[in-house]
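**Q** Generate coordinates for the sequence data below:
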Amino acid sequence: MVSSLLRFLFYGVFIRLLVLIVLGLNVRHRERLPDNGPAIIVANHNSHLDTMVLMSLFPLRLLPKLRPVAALDYFLGSRLFSWFTLNIVGILPIKRIVSRGDANPLAPCHEALAKGEVLIIFPEGSRGEPEKLQSFKSGIARLAESHPAVPIIPVFLHGLGKALPKGEALLVPFFCDIFVGERLVWTGDRRSYMRALDQRMTQLADEGDFPAWE
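**A** Next up, the predicted model:
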C-alpha cells in the first residue's frame, strides 16, 4: 500500500512536473498508444529518462499495469536501490545472461502479458549513443510470435540523450520529441518481423527530419 502511494506520487507528481516544466515534450500520434493492456511499447534507448518519459505519456489509472523491462544484473546494487527500482519505478527484471538449465528469461514478460500489463521494452539492450539507432535484439520477435494478438507499438524518442546522456548525472533542459508508430503486426517469422520493426523505427526517426546530432 505504501509503495503504491509512493509510486503514484513519484510518477504522478515528480516525473510529470519534470517532464512538463524542465523538459517539454512534443508528442506526435499519441492516440496510437494503447489505452489498456496487454500491450508492448518498443522504443530506442539513449537516456535514463527514457523510461520515465514513456511512463508519463499514459493516464495515471494505468500506472499499476505499466512495467518497464530491464536487465536483472543492472539492478543488483544496494538494497535501497533495488527496492526503489522494483517497487517505485516498477521494473520487470529479466536475466540478460542465461546459463544452461535456466528457465526461459522471457517468462516474466509472458506472465505480465497474461495479467494484462503493458510492457515497456528497449530492444537495443543498453543505452546507445544519442540519436543513433542500434540493432534491436530478437527477444521482441519471440514475444511477438508467442503473443500475436498483443499490440506492439514502436516509439521513437529524440532529444532525451542530450537532456541526460549516458554516463552523465546532470540534467540539461532540452525540448524532446516523441513519435508513436502504428501497431506492428506479426509477420509469421522472426527475421521478417525484425526487418519490419527496423523499418518502422527508421520511418519514425525520419518523420522528425532532424539535423545531424552534434
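
**Q** Next up, phi/psi of the closest residue to residue 154 other than its chain neighbours, please.
**A** Spatial nearest neighbour of residue 154, excluding adjacent residues (CB to CB, 6 or more residues apart in numbering): residue 181 at 4.0 Å. (Each C-beta comes from the backbone N, C-alpha and C, glycine too.) Per-residue torsions, residue 181: phi -90, psi 170 (degrees, to the nearest 10).

**Q** And the pLDDT for residue 181?
**A** On pLDDT, residue 181 comes in at 94.

**Q** what's near enough to touch the residue most central in space within the chain?
**A** The centroid of the chain falls nearest to residue 120 when counting by CA atoms, centre = their mean (3.6 Å). With contact taken as CB atoms under 8 Å, 6 or more residues apart in numbering, residue 120 is in contact with 41, 43, 51, 54, 55, 66, 67, 68, 69.

**Q** Could you tell me whether it really is in a strand?
**A** Yes - looking at residue 120 with DSSP: H, G, I helix; E, B strand; the rest coil, it is inside a strand.

**Q** Next one: residue 195 from residue 40, what distance?
**A** To residue 40, residue 195 is 18 Å away according to CB to CB, to the nearest Å.

**Q** if we can go back for a sec, what about the residue nearest to residue 154, neighbour count?
**A** 21 (other CB atoms under 10 Å).

**Q** any idea how far residue 19 is from it?
**A** Residue 181 is 20 Å from residue 19, by CB to CB.

**Q** Equivalent analysis for residue 143, please.
**A** Residue 143 is 28 Å from residue 19, by CB to CB.

**Q** Dump stretch 137-155 to CSV, restricted to CA.
**A** The C-alpha trace of stretch 137-155 is given here as CSV (Å, rounded to 0.1, in the frame of the first residue of the first chain):
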residue,chain,number,x,y,z
LYS,A,137,17.8,-7.8,-30.2
SER,A,138,15.5,-10.5,-31.4
GLY,A,139,13.8,-11.1,-28.0
ILE,A,140,10.9,-8.8,-29.1
ALA,A,141,10.3,-11.1,-32.1
ARG,A,142,10.0,-14.1,-29.8
LEU,A,143,7.4,-12.2,-27.7
ALA,A,144,5.5,-11.2,-30.8
GLU,A,145,5.5,-14.8,-32.0
SER,A,146,4.1,-16.0,-28.7
HIS,A,147,1.5,-13.2,-28.4
PRO,A,148,0.5,-12.4,-32.0
ALA,A,149,-2.8,-10.7,-30.8
VAL,A,150,-1.0,-8.4,-28.4
PRO,A,151,-0.4,-4.9,-29.9
ILE,A,152,3.3,-3.9,-30.2
ILE,A,153,3.7,-0.2,-30.7
PRO,A,154,7.1,1.3,-31.8
VAL,A,155,8.0,4.6,-30.3
